[in-house]
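Engineer: Test case, fold it:
(2 chains)
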Amino acid sequence: MLLEIENLSKVYGKSCGQCIALTGDDMGTAICPVCGAVVAVNRINLRVEDNEVLGIVGESGSGKSTLLQLIYRDTKTTEGKMFFREMQGEDGEPVDIAGLNMMETVLMRNTMMAMIYQNPRLGLNFLFSGGGNIAEKVIAAGQRNYEDIRKSACYFFEKTDLPVSRIDQSPETFSGGQQQRIQIAKALAASPRLLLLDEPTTGLDVSVQAQILDMIRVLQKELSFSMIVVSHDLGVIRHLTDITVVMRNGSIVEQGLTDQVLEDPQHVYTQLLVSSVL
Amino acid sequence: MVEISFAFFDEDAKKEIRRAILKGIALPGYIVPFASREMPLARGWGTGGLQISLSIITEADTIKVIDQGCDASVNAVNIREFIVATTDVRATSTTGEASIIQTRHRVPETALTEEQVLVFQVPTPDVLTVVEPDTDKQKKMHAHLEYSKLWVLLYEDTASFGDSRIASRYPVEVNDHFIMDPSPIPRYDIPRLNDNPALMLFGAGREKRIYAIPPYTKVKPIVFDDRSFQMEDFTGKSCMRCGAENVFFDTLKKDGEVQYYCSDSDFCDQTLESRKSHAS
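Structural biologist: This is a model prediction of the structure:
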């Protein structure tokens, strides 16, 4: 078990205390009828195994991205626990990463878990060069030898099919697809056990999408890490994932093997989702 | 006429600044905020250093003020005269005689002693400003020793130019902990910060910050394991005026030729004098 999430909830706004119980898919809303707070993630339970690829689908506002941000500690959890096997306490047992301080969070992000955002501007530092962005992760992991840092940067540039000759240029000068590749290279430089991808190919043209998805799949097999992929594009989910979770109003409405969920959807909402593919 | 108290400040002001200094000494390289006073000198012209000098000075002290190594620069003269006018202490240009040396952007050539305090004027106290403009984040980064962004700058410069492009204000790690801005001293002076017997205090008046390097503290420039720290190279050069070698030089261009002069005017005078006395 790499990641185990128990009863995870996130409330935006001032909570009246009953928000979580009064919302969710059973209630048909993510907005608390009493106080108006938004329950973006509602008592989610999830498990991710080693080398497993988990997909999260759902409509806009269903809480997919918030769930990912909670795992990556971009936002604070309201309730619930998350155990990440790589992050261990003094007793060797996994600790609840919802309670990590900033230093531990930085350590986790630099050496165990990485995130790829839809917008490269969120994941990359545009003040640094492409290579510099990758170097930042390598340096943060404790490397202080210039030649080794340089080698790592070149290695990950090559791995993600980027032109090494342009390694010292700003991400600004790269195309959208290439910026996404730099983001992936940067994420991989942290040698993550878990990679989080938030709409990794949305906004790219279809041929580039296919190339990047193929690349991610190859790298995942080669370097062996687990992934959580958030997308509203069922094609991406079908292409990348083993397990699929369907979310609506902050709750999980259906989960199972990707093939099963997409071929034989049980929940009404999943049926609607699958049938509405263009 | 209103009587001005000793060293311009009232005792409460001095106490507040001294407390900041003490905290800075207790936490080498840590940036301590203080209530920077309005001075009869524009901010950015050495008010940080001046406030430190005024709050630590006693009747028994001897003051020396230099600007880029020079005692006769307008800024240095003004600050020195102001300190003398408000304290009546003795002023000197001889490094060895001074107990407090306020400096802008240089460490004197003459080795300092345990009895001396070197006060730096600092324009930009936080070394992280270059990579992170948000002061709140800077504080957190210092707290977590999260300096990888500084190293990325070093990596990028090394990749493109073979070495860091930083000519002055080279980041230093103090006491194996915080990374600190040494004020815009040239690289040449960086090794002098290490294990120095003198107390070194840094004041940024505009930015309202004080920090310190206690005597005999380990100070090392940030540099990759497989690279070495490079300084300005003056091999084979000597001062046009006094003939000194192995010091930091000011360079002047005259008739298409580069001329070298000691940046430290007191050191230059002394070398010249000893040459003369040897000759006679």
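Engineer: where's stretch A:223-238 relative to the chain centroid, distance-wise?
Structural biologist: Distance of stretch A:223-238 from the chain centroid (C-alpha atoms, centre = their mean, to the nearest Å) equals 9 Å.
Engineer: Ends of it, what's the gap?
Structural biologist: From its first residue to its last, stretch A:223-238 covers 21 Å (C-alpha to C-alpha, to the nearest Å).
Engineer: and if you look at stretch A:29-39?
Structural biologist: One end of stretch A:29-39 sits 9 Å from the other (C-alpha to C-alpha).
Engineer: do stretch B:125-143 as well
Structural biologist: 16 Å.
Engineer: Stretch B:184-193 now?
Structural biologist: 13 Å.
Engineer: what comes into contact with it?
Structural biologist: Outside stretch B:184-193, the residues that touch it by C-beta atoms under 8 Å, 6 or more residues apart in numbering or on different chains are B:105-107, B:120, B:123, B:166-170, B:172, B:182, B:200, B:213, B:219, B:221, B:229-232, B:248. (Each C-beta comes from the backbone N, C-alpha and C, glycine too.)
Engineer: residue ranges of the strands in the stretch 101-250 of chain A, please?
Structural biologist: Per DSSP state E, counting those that start in this stretch, the stretch 101-250 of chain A carries strands over the ranges A:113-116, A:194-198, A:226-230, A:243-248.
Engineer: so which of these comes closest to B:A204?
Structural biologist: strand A:113-116 (36.6 Å; C-beta to C-beta).
Engineer: Show me what from chain A comes close to chain B.
Structural biologist: A:102-103, A:106, A:110, A:125, A:127-129, A:131-133, A:135-136, A:139-140, A:144-150, A:167-168 (C-beta under 8 Å from any C-beta of the partner chain).
Engineer: Give the PyMOL command for selecting the buried subset of those residues.
Structural biologist: What follows is the PyMOL syntax selecting those of the residues of chain A next to chain B that are buried according to 16 or more other C-beta atoms under 10 Å in any protein chain shown:
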select buried, chain A and resi 106+110+125+127+128+129+131+132+133+135+136+139+140+144+146+149+150+167
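Engineer: among the strands of the stretch 101-250 of chain A, which is nearest B:G256?
Structural biologist: Comparing the strands of the stretch 101-250 of chain A under C-beta to C-beta, the one sitting nearest is strand A:113-116, at 56.0 Å.
Engineer: For the most centrally placed residue in chain A, which non-adjacent residue is closest in space?
Structural biologist: The centre of chain A sits closest to A:L196, judged by C-alpha atoms, centre = their mean, with a distance of 2.2 Å. Distances taken as C-beta to C-beta, 6 or more residues apart in numbering or on different chains place A:M115 nearest to A:L196, at 4.5 Å, with adjacent residues excluded.
Engineer: on that earlier part again, Provide a list of residues in contact with the residue nearest to the centre of chain A.
Structural biologist: The contact partners of A:L196, by C-beta under 8 Å, 6+ apart, come to A:L68, A:I71, A:Y72, A:M113, A:A114, A:M115, A:I116, A:M227, A:I228, A:V230.
Engineer: Now, of the contacts of stretch B:184-193, which are buried?
Structural biologist: By 16+ other C-beta under 10 Å, these give B:105-107, B:120, B:123, B:169-170, B:172, B:182, B:200, B:213, B:219, B:221, B:248 as buried.
Engineer: that older thread, sitting in helices, which of the residues of chain A next to chain B do you find?
Structural biologist: A:102-103, A:106, A:110, A:131-133, A:135-136, A:139-140, A:146-150 (DSSP state H).
Engineer: Of those, which pair is most distant in space?
Structural biologist: Of all pairs drawn from these, the greatest distance, 31.0 Å, lies between A:M102 and A:E147 (C-beta to C-beta).
Engineer: Which residue ranges of the stretch 51-200 of chain B form strands?
Structural biologist: With DSSP E, counting those that start in this stretch as the criterion, the stretch 51-200 of chain B has strands spanning B:62-67, B:90-91, B:100-104, B:117-121, B:172-174, B:179-180, B:199-204.
Engineer: Report the distance from the fourth one to the chain centre.
Structural biologist: Between the mean C-alpha location of strand B:117-121 and the chain-wide mean there is a distance of 5 Å, by C-alpha atoms, centre = their mean.
Engineer: Adjacent strands (with direction) for it?
Structural biologist: Note on strand B:117-121: by DSSP bridges, its sheet partners are strand B:100-104 (parallel), strand B:199-204 (parallel).
Engineer: Contacts only, for A:L262.
Structural biologist: Contacts of A:L262 by C-beta under 8 Å, 6+ apart are A:L234, A:I237, A:R238, A:T244, A:V274.
Engineer: Revised request: answer the last question for A:I149.
Structural biologist: A:A135, A:V138, A:I139, A:Q143, B:Y155, B:F224 are the contacts of A:I149 under C-beta under 8 Å, 6+ apart.
Engineer: now do 10 Å
Structural biologist: A:131-132, A:134-139, A:143, A:189, B:151-152, B:154-155, B:158-159, B:224, B:226 (C-beta atoms under 10 Å, 6 or more residues apart in numbering or on different chains).
Engineer: List only buried entries from these.
Structural biologist: A:131-132, A:134-139, A:143, A:189, B:151-152, B:154-155, B:158-159, B:224.
Engineer: where exactly do the helices run in chain B?
Structural biologist: Listed in chain order (using DSSP H), the helices of chain B are B:11-26, B:47-56, B:74-87, B:135-143, B:148-161, B:190-193, B:265-279.
Engineer: Next: chain A.
Structural biologist: Taking DSSP H, the helices of chain A run over residues A:19-22, A:64-72, A:102-111, A:120-123, A:130-140, A:146-159, A:176-189, A:206-223, A:234-240, A:258-263, A:268-275.
Engineer: just those: most buried one?
Structural biologist: Here the criterion is mean neighbour count by mean count of other C-beta atoms under 10 Å in any protein chain shown, and of those the winner is helix A:130-140, at a mean of 27.
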